[in-house]
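[1] Okay, sequence plus prediction incoming.
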Amino acid sequence: MTALVTLGALAPSQAAAAAPVSVTFAAADDVFVSQAEPAKSFAAATWLSVCGSGCGGAGAGQRVALTRFKVTGIPEDAEDVKVTLDVVPARTTDTTVSVLPVSGSWTEATTWSDRPAVGGSAIGSHTGFTAGATARLDVSAAVQGNGTYAFALTGTSSTTTVLMSSRESGNRGPKLTVTYTGGSGEEQGDGPLPFTPAATAALRAAGKKVFGHYFTPYPISLDNQAPAGDYYARNYLKPEGESGKHAAYGGLLRDRPIGRAPLSGDYALADFKTEVRQAVAAGLDGFTVDILSVTSAHWTRVQSLIKAAEAVDPGFKIVLMPDTNGLASVDSATLATAMAKLAASKSVYRLADNRLVVAPFKAEGRTAAWWADWMRTMETAHGIKVALVPVFLDFNKNRAAFASISYGFSNWGGRNPAANASLTTNITTAHGMDKIWMQPVSVQDERPNQGIFDEAGNTENLRATWKGAIDGKADWVQLTTWNDYSENTQFAPSANAGWTYLDINAYYLTCYKLGCPKITNDVAYLTHRVQPVAATPGHAQTKLMKLRGGSTAARDTVEVLSMLTAAGKVSVTIGGTTQTYDAPAGVSAKTFPLRAGTASATVTRGSATVAKVVSPYPITTTPYVQDLHYRAASSGR
C-alpha cells in the first residue's frame, strides 16, 4: 500500500492552514467474485468485473468487486473531510456502479461461495465510464478518520463494468483519496478506551442508529470569550448571574461545555463542527436537534448545526425534532415551510425510501389529527413525505391515537434506575404495533431551576438504559441529552466529566451495534457527587432540589466502574480511608460511602499498577450552592 500526500510548495503546517490536503491510499486488497463460477478464485486477475444477475446472458451471473483500504495519518481534528473511491475502467460503458459497505472477513482468495456480507444502503454511485479515465465515487459518509475500510462495488446491468485491479501493471487499481483542511497533523490513535474502537463505517453499517439530543440553548460558547470570564462563567454558573435572576436556586447551571480560547471568523459554526466531530468520534450517527423556534437565535443555530454536519461528515445525520413547547404558537403551514427549508440539506436524515424523519418532542402537545394534517401539508405543499417518530412524555397514553400516522415511537424516559427497570416492555409493544422504537439512554437529571432531581445511582442509570435498549432490541437510541446543561443530562464533553460519560457510552454503543468488544486496555472510571445529598449550602438558596416522585432513593456513594483485561485488585481511597476489593475481568461496578476529601482508585495486578484514577473534584459537607450533579473521571485520560 502507498500513500501520496499533496501539499503543494508550502511546508505542511502552512499548507494545512492555506489549502486542502489530499492523501491517496492504494488498495490493500481487491478481488471480484462471480455467481456463475461460485468456487473460482480470481485472486490473480488484473481486472475487477462488476455486473448484475443477468451478466453474460446468465440467469445468475452477478459479479461483485471487493476492495479494502488502510487509512492512516489523518489528523483527529481534520475539517471539511471528503473521501472518494477512485477506479479506472478498462472499457467504455454507460453502466452504473454502486458502492456498499462490507461486513465480515475476506481475502483476495475469496470466492462467491464464501464471500462476505454486503448490505445496507448504497454509500455512493457513478454512472458512465470512459476507458482509462478515473471515475470517482463519493464515500465520505463511510470513512471517518484512520482505520480499515472495506467496500463492495455492485451493478444491475447485464453489461459488465471492467475496472483495473491493483495487480494491473500501470498502477491503476482502486485508490481511496481523503481530502481535508485544518488538522494538527497528529495521527489519530485508538484513544483512551478500554477496547479497540470499531471503524465508523463498521458502526454505521450495523443498521442500528444512535442519536444525541442536541439542545440549542447551550452551544460550546455563547459569546466567543475565554472560559474563565465567558457568558457561562459570568451568568449561568454564579448565583448573582444575569442580574440575580437565578439567585434563588444558586445559579442556572452546575456544569458547562469544555471551554476554548476565542476564535476568529464564524466561531459559532466552528464550534458546531467541533461538536459534530466529538459525536462522530464517540460513535454517534447524528443529532436529534430540538427545534424551539423558527425565527430566533435558536433557529439560526439549528441551521448552523446542519451546515456543520454537511462540512464535517455528510454521513452524520440531523433528525428534525420540533419541540411543541417552544413552538406552541406556530401554525401548521409555518412549521411545514420551516421544516421543508431544513430538509433541503443532505445531512438531514431521511429513510432509504426518501421519507423525511421528523421526531417531535412532546408530540402529544398537538393532537394526532393536527400532525396528520401537518404531514399532508408537507406532502402537498412541499412534496415531502414524512416518517413520523413521535417522542412522547407518556407513550402508553398516546400510542393508540398516533399509531396510524407514525413510522415509529419513542418516550422521553426517566433518569433513575427504578424508572428504567423494565424497558423492554415499551419496545415489545412498539414492535407489536409494527413500529420501530427509539430508546432513550441517559446518565442523570438534576434541575436547580425546577427544584427536582433524579437519583441516577452513579453510572447505574446509564448502564440500565443501555441494557434495556440492547435486551429489547431497540431499533434506534436517543441519548437524552447531548447538551442540556440546565437539566444536567449532558453526555457531551464537559467541565465536570470531561469525556468520561462518552467513553463509557462508547462501550455500550458498540455492544448495541456490533456485540460487546473484547477489553484490551485496563481502565477505571470514578463517579461521585461533590456533596452529600442533604448538605446545606452556604449560599442563601430559597429553592432546593428535592427528589422526584417515584425515583430511586437518594444515596451518597462513590462508584468505581472497572473494565479490565484480567482480574485485578482495586484500592479505593475516599477522604483518607482506603478499602480494597478484587475486581473480575470484564466490566464490574462497586460503590463506597461518600466522604469529605478526595477520591481515587488504583488497579493493580501482581506488583504492577495497571490503572489509576484521581478525581479532580473535592468532596465537601459544606457546599456553597446545592450541587447534585455526578462528576466523573477516567484513568484513560
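    Structure received.
[2] And the contacts of the helix or strand hosting T300?
    Assessed by DSSP states H and E, T300 sits inside helix 297-312. By Cβ atoms under 8 Å, 6 or more residues apart in numbering, the surrounding residues in contact with helix 297-312 are 79-81, 214, 216-217, 219, 268-269, 272-273, 275-277, 280, 286-287, 289, 291-293, 316-318, 326, 338, 342, 345-348. Just so you know, the C-beta spots here come from the backbone N, C-alpha and C atoms, and that holds for glycine as well.
[3] Low-confidence ranges, this structure, go.
    By pLDDT under 70, the low-scoring segments of the chain are 1-20, 182-191.
[4] Name the residues of the helix or strand where K70 lies that come out as buried.
    If you go by DSSP H and E, K70 is part of strand 63-71. Neighbour-count burial for strand 63-71 flags 63-71 (criterion: 16 or more other Cβ atoms under 10 Å).
[5] who are the neighbours of it, in terms of helices and strands?
    Packed against strand 63-71, as judged by 3 or more Cβ pairs under 8 Å, 6 or more residues apart in numbering; DSSP states H and E, are the following elements: strand 21-26, strand 29-34, strand 47-50, strand 147-155, strand 175-182.
[6] for it, the distance to its chain's centre please.
    Centroid displacement of strand 63-71 relative to its chain, using Cα atoms, centre = their mean, to the nearest Å, is 26 Å.
[7] how about the nearest residue to D445 once chain neighbours are set aside, what does it touch?
    Closest residue in space to D445, ignoring its immediate chain neighbours: R415 at 3.5 Å, by Cβ to Cβ, 6 or more residues apart in numbering. By Cβ under 8 Å, 6+ apart, the contact list for R415 reads 442-445, 454, 456, 461, 489.
[8] State the number of residues packed around S635.
    24 (other Cβ atoms under 10 Å).
[9] That one reaches A611, doesn't it?
    Yes: assessed by Cβ atoms under 8 Å, S635 is found in contact with A611 at 4.2 Å.
[10] and for the two, which residues touch both?
    Common neighbours of S635 and A611 (Cβ under 8 Å, 6+ apart) are 522-524, 601, 603.
[11] and of the residues you listed, the nearest to T148?
    Nearest to T148 among the shared contacts of S635 and A611 is V523, at 23.5 Å by Cβ to Cβ.
[12] Can you tell me the SS state at the residue nearest to the closest one when sequence neighbours are not counted?
    The shortest distance from V523 to any non-neighbouring residue, by Cβ to Cβ, 6+ apart, is to P194 (4.0 Å). Secondary structure, DSSP: H, G, I helix; E, B strand; the rest coil: P194 is coil.
[13] dump the residue contacts of P194.
    Residues in contact with P194 (Cβ under 8 Å, 6+ apart) are 507, 519-523, 563-564, 636.
[14] Show me which of those residues are buried.
    For the contacts of P194, a burial check counting by 16+ other Cβ under 10 Å picks out 507, 519, 521-523, 563-564, 636.
[15] Export these to TSV and append columns for secondary structure and distance to E379.
    Shown next, in TSV, are the buried ones among the contacts of P194 (DSSP: H, G, I helix; E, B strand; the rest coil; distance: Cβ to Cβ, whole Å):
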residue	secondary structure	distance to E379
Y507	helix	41
I519	coil	49
N521	coil	51
D522	coil	54
V523	strand	50
M563	strand	48
L564	strand	54
G636	coil	49
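[16] Which members of these are the farthest-apart pair?
    Pairwise distances across the buried ones among the contacts of P194 peak at 13.4 Å for Y507 and D522 (criterion: Cβ to Cβ).
[17] Next, E364: secondary structure please.
    helix.
[18] Spatially, which two of the contacts of P194 are the most separated?
    For the contacts of P194, the farthest-apart pair by Cβ to Cβ is Y507 and D522; their separation is 13.4 Å.
[19] joint contacts of those two?
    What both Y507 and D522 touch, as defined by Cβ under 8 Å, 6+ apart, is the set 194, 563.
[20] Any idea how many residues pack against the residue nearest to T510 when sequence neighbours are not counted?
    The shortest distance from T510 to any non-neighbouring residue, by Cβ to Cβ, 6+ apart, is to P517 (5.1 Å). Around P517 there are 16 other residues, counting by other Cβ under 10 Å.
[21] Just the element for the residue nearest to D445, please.
    Going by DSSP H and E, R415 is not part of any helix or strand.
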